[in-house]
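Trainee: below are the sequence and a predicted model for it; my questions follow.
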Amino acid sequence: MLKKIIGVGLGILFAAFALTGCDNSKSENTLIVGVAAGPYGDMFKQAIAPGLEKKGYKIEIREFSDYVQPNIALANKEIDINLFQHLSYLNNFKQARNLDLTAIAFVPTAGAGIFSNKITDFSQLKAGDQVTISNDITNEARALRILQAAGLIKLNPTAKPSEVTPKDIIENPYGLVIVPIEAPQTPRSLDSAVLSVVNGNYAIGAGLDLSKALYTEVLDKDLKNVIAIRTESVDTLGKDIVDVLKSDGFNHVIEDRNGIFYTFQKPDYQLY
């Protein structure tokens, strides 16, 4: 009887080891990719995933509803890659939270724009009109710089451009009321606000026509979107991703005139 019990116990133990081995094998080959609402999940699925699958990976896309959790999840090894943010946001975020993350490459990026459902020209603005902008530090400063570039406000020239807030507005000739809100809510705010500065990914995700923006930013390097991974994976997974980004398959999808990515501002440089 005792031998029988021991035999059954050993059988269960060996079965557990076998299952664990299978799960580990699956885990090693599966990449979980974090994206935010908008086109970058589609970019990964259509232009990047096929190349990685040829290298033996299985791809799982996980969509996040904000700009905070994708980096936290990446650092905590809940996901393996994320594609949703520009370089400046990543650098500020990882420094503030001491995260060991690395941007391995730029991708074609849709610029932010000033949109409206209520006016067709800035000359129609009047005092008290609300303008919504993203409320995270990086994109708030970005939105204010866009409003300045469009001639709607003037910012304190002594303030650090990457850290400006509404308090740094020194001229507001239209008497606009600046309202910081969560970035994903900016497209929806067009039902009430007169203007909204909407990041490109959220604009596309909400069905806004980029060509109908009253003003479109010209992206500099730090505002190009990047693929981020944990630094420990740069020489392995990072190299595989960069290989895919340099492939004809990736370029074919991006340069398709009938695709949404064709209008994105293309990077003319690589990080790695």
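Mentor: Now that the structure is in, tell me what you want to look at.

Trainee: ranges for the strands of the stretch 1-150 of the chain?
Mentor: Applying DSSP state E, counting those that start in this stretch to the stretch 1-150 of the chain gives strands spanning 30-36, 58-64, 81-86, 101-106, 113-115, 130-134.

Trainee: tell me the mean pLDDT for stretch 262-269?
Mentor: Mean per-residue pLDDT for stretch 262-269: 84.

Trainee: for it, the distance to its chain's centre please.
Mentor: What separates the centre of stretch 262-269 from the centre of its chain is 15 Å, taken as CA atoms, centre = their mean, to the nearest Å.

Trainee: out of the strands of the stretch 1-150 of the chain, nearest to residue 234?
Mentor: strand 101-106 (5.5 Å; CB to CB). To be clear about C-beta, it is placed using only N, CA and C from the backbone, and glycine gets the same treatment.

Trainee: who touches stretch 174-193?
Mentor: By CB atoms under 8 Å, 6 or more residues apart in numbering, the residues outside stretch 174-193 that reach it are 36-37, 65-67, 115-118, 122, 125-136, 139-140, 144, 147, 152-153, 166, 169, 195-199, 202-203, 205-206, 208.

Trainee: so residue 234 touches residue 102, yeah?
Mentor: Yes. Residue 234 lies in contact with residue 102 (CB atoms under 8 Å); the separation is 5.5 Å.

Trainee: circling back: in PyMOL, how would I select the buried members of the contacts of stretch 174-193?
Mentor: Selection of the buried residues among the contacts of stretch 174-193 in PyMOL, burial being defined by 16 or more other CB atoms under 10 Å:
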select buried, resi 36+37+67+115+116+125+129+131+132+133+134+136+139+140+144+147+152+153+166+169+195+196+197+198+199+202+203+205+206+208
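
Trainee: what about the helices in the protein?
Mentor: Secondary structure of the chain (DSSP state H): helices located at 2-29, 39-43, 49-54, 69-75, 87-97, 137-149, 200-205, 239-245, 248-254.

Trainee: any weak-confidence spans in the chain?
Mentor: Scanning the chain for pLDDT under 70 picks out 1-27, 269-270, 272.
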